[in-house]
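Enquirer: Sequence and predicted structure below; questions after.
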There are 2 protein chains.
Amino acid sequence: MRILIADDHDLLRDTLVMFLENEGSMVIAAVGTFSQAAERIETDAPYDLILLDYNMPGMNGLDGLKSAIAMGDGQKVALISGEATKQIAEAALEAGASGFVPKSLPAKSFVNAVKFMAMGEQYAPIDFMTAPDEAETNPLAENLTDRELQVLKGLTQGKANKEIARDLDVSEPTVKLHMKTLYRKVGAANRTQAALIAREAGLF
Amino acid sequence: MRILIADDHDLLRDTLVMFLENEGSMVIAAVGTFSQAAERIETDAPYDLILLDYNMPGMNGLDGLKSAIAMGDGQKVALISGEATKQIAEAALEAGASGFVPKSLPAKSFVNAVKFMAMGEQYAPIDFMTAPDEAETNPLAENLTDRELQVLKGLTQGKANKEIARDLDVSEPTVKLHMKTLYRKVGAANRTQAALIAREAGLF
DNA sequence: TACGATCCTATCCGTTCGGATAAGTTACCT
DNA sequence: AGGTAACTTATCCGAACGGATAGGATCGTA
């Protein structure tokens, strides 16, 4: 079984290679950047499974995953990550990944997951995926009307009321009203606070 | 040689334990949170070396490192991390850590570093420590005077000029002047943009 | 149909901002 | 001693903002 591992943490990569090869019946190739991984996929295909680290030079979020899937010609590509959220994992599976493997997984389970995915199954740790979305989409966005969200978006881009009014094709007083009400809703005393709160909540 | 490893990534922990024990002459204890590590230090001391992950439940930045050093009664404590910056590494060594080990280290070097530190030496990878500060502390902060930074800090807390003036014990016109000049310096058209830019840059 | 929620517009008023200008004080460096 | 940079205060003015208030339009639901 041929496996390609791409992770920029040498420490994990080296120990992982040793661990997997110890398992027998596995041949592991390991690289440290996405571009190296892409090269291997080009020249060294096919692999039974390709593991890509989410935080790795060249990955650029899920872009790397997607292009690896595209160029892999049917090869199975899975995401591995230490910090990624459930949302990212879902997006990865959505994009066609064979699985998502958090680094918080015990090594034994990791081996099983690798075998599982190499056989063509889709893998993701149940407990990780069923964990409640932290505070759902956003406690903020829920209470805001569409218009208020649009105004807030303009605000987080540092725009003046007048600009926002022009963008939304409404009058300035209208924008000011939405502004005032959304301040109340998000608990801000002024526009700067509102903008920071929105950013903090990960909006836009 | 007794080693305690605390890291919340089971994957790395498991493989690492195996790798180190394979080396012979090492007895490894491994836990996944800072509180577990603290417990081991309390009951299971002494260790020849204690390795703490920087991103781990309960660590709270360098607080965990410091308290581990304090309670360790002379035991050597080192920091291990995948994402930490050079600044953090320096602060850790400053705080009395026996070393700093990035996860980007090859497994072989890792073993050497562990032995080195267990012998009482201070370790940190040269290339990592001598790497230029990425764009210095912050391209922004460099050009701002002390006062301007203080004003900017107040701004990122959503305060009004008047509040900031009171906090810094200066008059409001003074704050406004600093405001104006720092807008120019960071390239902001208004206070909201300045606040967002500062946050974006990781200031405060 | 009536109600309520949402969205839009408008006016008014006081406050806050943003910018220009002028000028004083320290402190440090040459 | 002179020069420079940073920090400080002040005044003035126009623009933007924050809040209150009072309508009107639309839409879905009771």
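Expert: Okay, I see it.

Enquirer: Next secondary structure element downstream of the lowest-mean-pLDDT helix or strand in chain A?
Expert: Least confident helix or strand, chain A: helix A:139-143 with a mean of 61, by mean pLDDT, DSSP states H and E. With elements assigned by DSSP states H and E, the helix or strand that comes after helix A:139-143 is helix A:146-155.

Enquirer: So that next one, near DNA strand C or not?
Expert: Yes: using Cβ under 7 Å from any atom of the strand, we find that helix A:146-155 touches DNA strand C at A:D146, A:R147, A:E148. The C-beta positions use only the backbone N, C-alpha and C, and glycine is treated the same way.

Enquirer: which outside residues touch that helix?
Expert: A:141, A:144, A:163-164, A:167-168, A:175, A:178-179, A:181-182, A:185-186, A:191, A:194-195, A:198, A:203-204, B:192 (Cβ atoms under 8 Å, 6 or more residues apart in numbering or on different chains).

Enquirer: any idea which of the residues of helix A:146-155 next to DNA strand C is closest to chain B?
Expert: The closest of those to chain B turns out to be A:E148 (Cβ to the nearest Cβ; 16.6 Å).

Enquirer: Centroid-nearest residue for chain A?
Expert: A:I88 (3.0 Å; Cα atoms, centre = their mean).

Enquirer: From the centre of chain A, point out the most distant residue.
Expert: Distance-from-mean max, chain A, by Cα atoms, centre = their mean: A:P173 at 39.1 Å.

Enquirer: Against A:F204, how distant is A:M26?
Expert: Distance, A:M26 to A:F204, by Cβ to Cβ, to the nearest Å: 44 Å.

Enquirer: Looking at the two, which one has more neighbours?
Expert: Between A:M26 and A:F204, counting by other Cβ atoms under 10 Å in any protein chain shown, A:M26 is the more crowded of the two (19 against 13).

Enquirer: and the longest helix along chain A, anywhere near chain B?
Expert: In chain A, taking DSSP state H as the definition, the longest helix is helix A:172-186. No: Helix A:172-186 does not reach chain B (Cβ under 8 Å from any Cβ of the partner chain); its nearest approach is 10.9 Å.

Enquirer: I'd guessed A:Q36 sits against A:D7; true?
Expert: No: counting by Cβ atoms under 8 Å, A:Q36 stays clear of A:D7, with 10.9 Å between them.

Enquirer: Those two: who's more crowded?
Expert: Neighbours were counted for A:Q36 and for A:D7 using other Cβ under 10 Å; A:D7 has more, 28 against 18.

Enquirer: Quick check, that one in contact with A:D53.
Expert: Yes: using Cβ under 8 Å, A:D7 is in contact with A:D53, at 4.0 Å.

Enquirer: Overlap in contacts, the two.
Expert: Common neighbours of A:D7 and A:D53 are listed as A:I80 (criterion: Cβ under 8 Å, 6+ apart).

Enquirer: returning to what we had before: restrict the contacts of helix A:146-155 to contacts with DNA strand D.
Expert: Restricting these to contacts with DNA strand D (Cβ under 7 Å from any atom of the strand) yields A:M179, A:R191.
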